[in-house]
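Q: Got a sequence here, can you model it:
(one chain, ligands or ions: 1)
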Amino acid sequence: MKKIGVLTSGGDAPGMNACIRAVVRCGASHKLEVMGIRRGYAGLLEGDFLRLDARSVANILQRGGTILETARCEEMKSKGGIRKAAQAAHQEAIEGLITIGGEGTFRGAAALAEAGGISVIGIPGTIDNDVYGTDYSIGFDTAINTALDAIDKIRDTASSLQRPFFIEVMGKDRGFIALDVGIAGGAEDILIPETKTKIEELSLDIKRSFERGKKCSIIVVAEGDEVGGVFPIAQQVWERLRIDYRVSVLGHLQRGGSPTARDRILASKLGAAAVDALANGKTGYMVGEVKGEIALTPLKETWEKRKELDNNLISLAKVLAT
Ligand code: F6P
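A: Here you go, the predicted model:
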């Protein structure tokens, strides 16, 4: 193998740049030429390439976002799109492709690997941390620390005015961000898509916590909670308690910022592991880290198998909220 490509696709995540840097520099150590592909699969389809060398990835380790930019590409969901992407890679003599992203990214990568003619390795890069086959995905640690910083600040005003605060964090299908942030931020309640939200119970919890002398109530709500968002939840609680409350949606600020040390290290390890995997003739896998060891998981399993939440954390959150 002489030439490989690297792209970032779907939602960006802090640490993607650290990963691109690792791919380029480890690629160079394997004597591989590395082509960056702009705007994910959309750029691949259009042949939007740029040559990357050790110097072109200098000073990006600490930067959020992705220097390659990213996109959500509908065309890659069709057979025609896959064919076109494979052709574009062949035309550029790219023999191996590293794709950094989440589920949508890996679906495209698996289809490309199946189409043949190009080796493909995925790297989990999503703040949601919802990818099977890795304990953590790139960006998660930064996102939870960003959300935590915001929650700590909100707690100052919430307790000064003795208010309940409903804080929405990202996680369209899963509650990984909400659970970790809720534990670390001392939330009174954590509402996630994986468990049923009972408004009656939640209202009683809030009422009782004020009766126990608490000065505020922080309720962390995952974006994908089954009730349909933080506003209807807050409204339904208000209808029962008639207490003045506030809602705060942390939104995309969770996706930005300089990656934490943990994310930079994970990104560097996974970038290197992906290059090693390609150089060793592997294709159709995602490289992840499980219990501190690099693990290869067939791409299909990354979305077909479900990554489980830590149930102990869910119970612990309840005990700690007393
Ligand atoms: O998948 C990562 C994520 O940040 C989700 O948590 C969120 O629902 C989604 O992306 C938001 O996507 P967009 O940037 O397209 O609004």
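Q: what does the stretch 201-322 of the chain put close to the ligand?
A: 223, 255 (CB under 6 Å from any ligand atom). Just so you know, the C-beta spots here come from the backbone N, C-alpha and C atoms, and that holds for glycine as well.
Q: Would you map the strands across the stretch 201-322 of the chain?
A: Secondary structure of the stretch 201-322 of the chain (DSSP state E, counting those that start in this stretch): strands at 217-222, 246-249, 285-290, 293-298.
Q: Please apply the same query to the stretch 51-200 of the chain.
A: 96-101, 119-124, 164-169, 189-191.
Q: For residue 132, find the nearest of these.
A: When the strands of the stretch 51-200 of the chain are ranked by proximity to residue 132, the top entry is strand 119-124, at 9.3 Å, counting by CB to CB.
Q: Identify the residues contacting that closest one?
A: 1, 19, 95-102, 105-106, 109-110, 112-113, 131, 133-134, 137-138, 270-271, 274, 277-278, 281-288, 299, 302 (CB atoms under 8 Å, 6 or more residues apart in numbering).
Q: Let's see that with 6 Å instead.
A: For strand 119-124, contacts defined as CB atoms under 6 Å, 6 or more residues apart in numbering pick out 96-100, 106, 109, 112-113, 131, 134, 137, 270, 274, 277-278, 283, 285-288, 299.
Q: for that strand, what is the average pLDDT?
A: In this model, strand 119-124 carries a mean pLDDT of 98.
Q: One more: stretch 5-15?
A: 98.
Q: Please apply the same query to stretch 95-103.
A: pLDDT averaged over stretch 95-103 gives 98.
Q: Kindly export that stretch (C-alpha atoms) in CSV.
A: Extracted in CSV, the C-alpha atoms of stretch 95-103 (Å, rounded to 0.1, in the frame of the first residue of the first chain):
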residue,chain,number,x,y,z
GLU,A,95,-5.8,2.1,-1.6
GLY,A,96,-6.7,2.5,2.0
LEU,A,97,-9.2,4.9,3.7
ILE,A,98,-9.6,5.9,7.3
THR,A,99,-13.0,7.4,8.3
ILE,A,100,-13.5,9.2,11.6
GLY,A,101,-17.1,9.5,12.8
GLY,A,102,-20.1,7.7,14.2
GLU,A,103,-22.8,5.3,13.0
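Q: wait, does stretch 3-13 contact the ligand?
A: Yes - under the criterion of CB under 6 Å from any ligand atom, the ligand is reached by stretch 3-13 at residue 11.
Q: what's the span of that stretch, first residue to last?
A: 26 Å (CA to CA, to the nearest Å).
Q: What of stretch 45-65?
A: Start-to-end span of stretch 45-65 (CA to CA) is 22 Å.
Q: got the buried residues for that stretch?
A: The neighbour-count check on stretch 45-65 (16 or more other CB atoms under 10 Å) flags 45, 48, 49, 52, 57, 60, 61, 63, 64, 65 as buried.
Q: Residue 73 is in contact with residue 41, correct?
A: Yes - at 4.0 Å, residue 41 counts as touching residue 73 under the criterion of CB atoms under 6 Å.
Q: between those two, who's got more neighbours?
A: residue 41 (31 against 21; other CB atoms under 10 Å).
Q: Doesn't that one belong to a strand?
A: No - secondary structure of residue 41 (DSSP: H, G, I helix; E, B strand; the rest coil): helix, not part of a strand.
Q: Model confidence for it, exactly?
A: Looking at residue 41, the pLDDT reads 98.
Q: what sits against it?
A: Contacts of residue 41 (CB under 6 Å, 6+ apart): 9, 73, 76, 108.
Q: ok, now how distant is the last one from residue 65?
A: The one in question is residue 108. Computed as CB to CB, to the nearest Å, the residue 108 to residue 65 distance reads 21 Å.
Q: Compute the first-to-last residue distance for stretch 71-85.
A: Start-to-end, stretch 71-85 (CA to CA) is 15 Å.
Q: How about residues contacting that stretch?
A: Against stretch 71-85 from outside (CB under 6 Å, 6+ apart): 10, 39, 40, 41, 42, 44, 45, 108, 111, 115.
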